[in-house]
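S.K.: Based on what follows, work out the 3D shape:
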Amino acid sequence: MKKPIFIVIILNVVTSCISLNSTGYYTLSEEERSQVKKPDGNIGQLTADGNTYIVNAGQVKEYIKSVRHAVVYSYLSFCRSEQCVSPVQAEHICKEKGYSLILIAGTYENLSLAHGNTIPTLAIDPETYGTDNYQKLDRLFYNELTGTNEKERDFGSFYVFENGTFIRTYKDLNDIPVAEFTLH
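M.R.: Here you go, the predicted structure:
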């Protein structure tokens, strides 16, 4: 009698861990999937239209090359840490400091929380990287985007780029210095 209960408990724990590590992409309803799109061409042409655009690191790198100072925010809607800020707050702080914000949702859960600002919401394409595990997907995407690995860069959600070159990662958006502007 105890053995079947134990097996049920173990199965619940295992399936919970699997769903907890999932991006949620494959569990979206048809209506939600209709708002997740692959962009046609340059992501710099996208607008904040209520859709979420799935991208790969190559597309983001191309766009970052056209922006002098950029912050890529690895946004997780479920994060409740002091360093996690709403996309609207992140956009405001980045503008004040002279950076363009690129918002990358780490999961597809509660995507509506990422909308409401003036920049498009992007998310990592799980098909490009062959995984729906958000931690693995995040690692593969940011390794490619920054040209580094996790050991070479600090842990954080805010990736700073200047003239297309990765500078460093910050845990707290408020720690990012004001962008320096030089006249040519």
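S.K.: Any regions of this protein where pLDDT drops low?
M.R.: The chain contains residues with pLDDT under 70 at 1-20, 111-115, 181-184.
S.K.: Mind jotting down where the helices sit in it?
M.R.: 2-20, 30-33, 57-65, 87-97, 126-129, 134-146 (DSSP state H).
S.K.: Tell me if I'm right that Gln59 and Asp40 touch.
M.R.: No: counting by Cβ atoms under 8 Å, Gln59 stays clear of Asp40, with 11.2 Å between them. (Each C-beta comes from the backbone N, C-alpha and C, glycine too.)
S.K.: Between the two, point out the one with more neighbours.
M.R.: Gln59 (21 against 9; other Cβ atoms under 10 Å).
S.K.: What sits closest to the more buried one if chain neighbours are left out?
M.R.: Once flanking residues are discounted, Gln59 sits nearest to Ile43: 5.3 Å by Cβ to Cβ, 6 or more residues apart in numbering.
S.K.: hang on, the one you found packs against Ala57?
M.R.: No: using Cβ under 8 Å as the test, Ile43 is too far from Ala57 to be in contact (11.5 Å).
S.K.: The two: who's more crowded?
M.R.: When neighbours are counted by other Cβ under 10 Å, Ile43 and Ala57 differ, and Ala57 comes out ahead with 22 against 17.
S.K.: now that one: how far from Val85?
M.R.: 23 Å (Cβ to Cβ, to the nearest Å).
S.K.: repeat for Ile119
M.R.: Separation of Ile119 from Val85 (Cβ to Cβ): 14 Å.
S.K.: in the sheet, who's paired with the spatially most central residue of the chain?
M.R.: Geometric centre of the chain, nearest residue: Ile104, 2.7 Å, by Cα atoms, centre = their mean. Note on Ile104: beta-bridge partners Ser74, Leu122, judged by DSSP bridges.
S.K.: That one and Glu30: what is the separation?
M.R.: For Ile104 relative to Glu30 (Cβ to Cβ), the value is 24 Å.
S.K.: for Val36, same thing?
M.R.: For Val36, the distance to Glu30 - Cβ to Cβ - is 11 Å.
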